[in-house]
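>>> From the sequence below, what's the structure:
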Amino acid sequence: MVPGFTCAGSFAEFIAVPHADHNLTALPEGLDPALAAALGCRVTTAWHALTGRAALRPGEWLVIYGGGGIGMSALLLAKGLGAKIVVVDVVPEKLAEAARLGADVTLNAREADPAAAVRAATQGGADVAVEALGHPETTANALKSLRKLGRMVQVGMPAGAHLTMPIPMDAVYSGQLALFGTRGMPAWRYPSLLQFIEGAGLDLSPLVTCRVALSQASAELAAFDGPTPPGIAVITEFGA
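Below you'll find the predicted structure:
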């Protein structure tokens with residue numbers, strides 16, 4: 001059972017946690033609770049996508065389509081892993097934040113063909129692509145951004161009209177590409193993530209840019225209908 005998906009368990013002052021051995025993990029002492037909350041479904045998902053699925057290696061080029069919570073988490077983790085990173089988005093503020101956080105290249109998809117721009121910037125294409133939006137256009141561009149034998153991870157969750165997507169199979173065929181699906185992160189991988197964050201001295205605090213009350217959760221969710229500012233909001237106040 002996954003709280004918040006297959007059973008009740010999100011945006012509440014108290015929740016019941018079934019199967020605690022699978023759904024709870026010990027956190028390092030001193031970890032800011034707001035940052036610990038931000039790990040879920042962003043840092044954890046990005047960590048599993050990069051290391052458990054695509055096996056990103058030091059020195060490889062990674063292209064990230066989407067500068068939201070997962071995209072920025074993937075950026076910070078990939079920097080810690082020693083990768084070179086391209087971030088593609090359409091919101092200038094998110095691209096500026098990606099550059100501030102260490103992206104080697106940032107590209108506005110509204111200004112040029114993003115796949116061609118990625119191949120030019122990486123001198124042949126990225127080794128790994130992360131699609132962090134769940135849109136047909138970005139999924140196709142992520143595949144077209146890869147060099148031969150590249151690996152692409154579909155992190156963005158297809159929903160609604162995007163449940164079925166057209167795939168540029170010519171790029172997959174001619175490039176001998178690997179396409180991975182991923183969802184969240186299995187609980188047994190938490191220790192590897194927490195050890196990596198501590199061992200690499202990784203500062204994930206830039207992810208949390210807003211702290212709100214539980215009463216403001218609906219407004220924060222509604223904001224996802226349009227472009228959102230960089231960073232994520234974390235609920236830290238639960239009183240009336």
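>>> Show me where the chain has its helices.
20-23, 33-38, 44-47, 69-81, 92-100, 114-121, 136-144, 169-175, 190-199, 217-222 (DSSP state H).
>>> can you put those helices in a markdown table and add mean neighbour count?
To be clear about C-beta, it is placed using only N, CA and C from the backbone, and glycine gets the same treatment. Below are these laid out as a markdown table (neighbours: other C-beta atoms under 10 Å):
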| stretch | mean neighbour count |
| --- | --- |
| helix 20-23 | 10 |
| helix 33-38 | 16 |
| helix 44-47 | 24 |
| helix 69-81 | 24 |
| helix 92-100 | 17 |
| helix 114-121 | 20 |
| helix 136-144 | 22 |
| helix 169-175 | 13 |
| helix 190-199 | 15 |
| helix 217-222 | 12 |
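>>> Using TSV, lay out the ones you listed together with distance to residue 235.
Output for those, formatted as TSV (distance: least, C-beta to C-beta, whole Å):
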stretch	distance to residue 235
helix 20-23	19
helix 33-38	8
helix 44-47	18
helix 69-81	14
helix 92-100	22
helix 114-121	34
helix 136-144	28
helix 169-175	41
helix 190-199	21
helix 217-222	6
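>>> okay, those helices in TSV with mean pLDDT next?
What follows is these, written out as TSV (pLDDT from 0 to 100):
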stretch	mean pLDDT
helix 20-23	74
helix 33-38	90
helix 44-47	97
helix 69-81	97
helix 92-100	96
helix 114-121	98
helix 136-144	98
helix 169-175	97
helix 190-199	93
helix 217-222	90
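>>> pull the longest strand from this structure.
strand 146-154 (DSSP state E).
>>> contacts for that one?
Strand 146-154 has contacts (C-beta atoms under 8 Å, 6 or more residues apart in numbering) with 49-50, 53-55, 61, 119, 122, 124-131, 134, 139, 142-143, 171, 175-182.
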